[in-house]
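Q: from the sequence below, what's the structure:
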Amino acid sequence: MRENRLRALWKSGGAAVNGWLAIPNGFATEVMAHQGWDTLTIDVQHGVVDYQAMVQMLQAISTTETVPVVRVPWLEPGILMKTLDAGAYGVICPMVNTREDAQKLVAWTSYAPRGVRSFGPVRALYYGGADYPQHANDTIVRFAMIETAQALDNLDDILSVEGLDAIYIGPSDLSLSLGCTPTFDDLDPKAAQAVDYILERAKAHGVVAGIHNGRADVALARIAKGFQFVTVSSDARLLAAGSQQILGAMRAQLQNPATPASGSY
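A: Below is the predicted model:
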């Protein structure tokens, strides 16, 4: 079976730099995949990506060594199984709040006897290889999103579930749940303390910790703390930021022709 390079990276002690995909387009995904991200996550929970677009995006990622991950809409067996059948090598599941939630996530993404995943890896066989059924359980990466006060209360119970590989912090939802301002990076003190606590407990249980970030400097600081999966921005945000950079330079020059243009765009 094709190796999951994300697992190999973690085993070596490294951290994965993850890109985020919100644009439902195969070519846009292919462009992102060829930039050298360790992983790319297709966001099917928020935004405008549907299942068919997701499949085309997975195919585009397959033109590179980037590991394909999908954030599913919810903790629901049908979409989890179909996402894996389409060839995702990792799934991020929102709003895992209890031990039972985490147990369901592992069971629904694992073949018997470990779980109850239904058999039908239609595209996964092409991406993963003919021996996919024999090795999928130990190759797929399962992330539980920790993003509520309830999940914090049940954190050790969640982290102790066998087969849960990683957790992924959604800082905005976590902040909202704690009565703080929703943001990725400059968290209110209460939310920042919760993030540090989640990381500390994940380390104690031997579970990889991941988190969403808006800026590279924040992601680097969080890697230094021990996070091994950091998302930085998204395709949509990068498209907007790049456009703003060019337009800002152009308009400044057009409004003041005497000012020399700087840099290349």
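
Q: other SSEs contacting the least confident helix or strand in the chain by mean pLDDT?
A: The least trusted helix or strand in the chain, going by mean pLDDT, DSSP states H and E, turns out to be helix 235-255, with a mean of 94. Contact partners of helix 235-255 among helices and strands, from 3 or more Cβ pairs under 8 Å, 6 or more residues apart in numbering; DSSP states H and E: strand 16-21, helix 26-33. Bear in mind the C-beta positions are built from the backbone N, C-alpha and C, glycine included.

Q: out of those, which one sits most buried?
A: Among these, strand 16-21 has the highest mean neighbour count (mean count of other Cβ atoms under 10 Å), at a mean of 24.

Q: that strand vs helix 235-255, what angle?
A: Relative orientation of strand 16-21 and helix 235-255, computed by axes from the mean of the first three to the mean of the last three Cα atoms, to 10 degrees: 80 degrees.

Q: what packs against strand 16-21?
A: Counting contacts by 3+ Cβ pairs under 8 Å, 6+ apart, strand 16-21 packs against helix 5-11, helix 26-33, strand 39-43, strand 208-213, strand 229-232, helix 235-255.

Q: neighbouring strands of that strand in the sheet, and parallel or not?
A: Within its sheet, strand 16-21 is paired with strand 39-43 (parallel), strand 229-232 (parallel), according to DSSP bridges.

Q: quick one: mean pLDDT for the shortest one?
A: Mean pLDDT, computed over strand 229-232, is 98.

Q: render the CA-only coordinates of that strand in CSV, please.
A: Backbone C-alpha positions of strand 229-232 (Å, rounded to 0.1, in the frame of the first residue of the first chain) are rendered in CSV as follows:
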residue,chain,number,x,y,z
PHE,A,229,0.4,19.6,12.3
VAL,A,230,-0.1,23.2,11.6
THR,A,231,-2.5,24.7,9.0
VAL,A,232,-1.5,28.1,7.6
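
Q: want to throw the helices and strands packed on strand 16-21 into CSV with distance to I167?
A: Conversion of the helices and strands packed on strand 16-21 to CSV gives the following (distance: least, Cβ to Cβ, whole Å):
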stretch, distance to I167
helix 5-11, 13
helix 26-33, 24
strand 39-43, 14
strand 208-213, 6
strand 229-232, 9
helix 235-255, 23
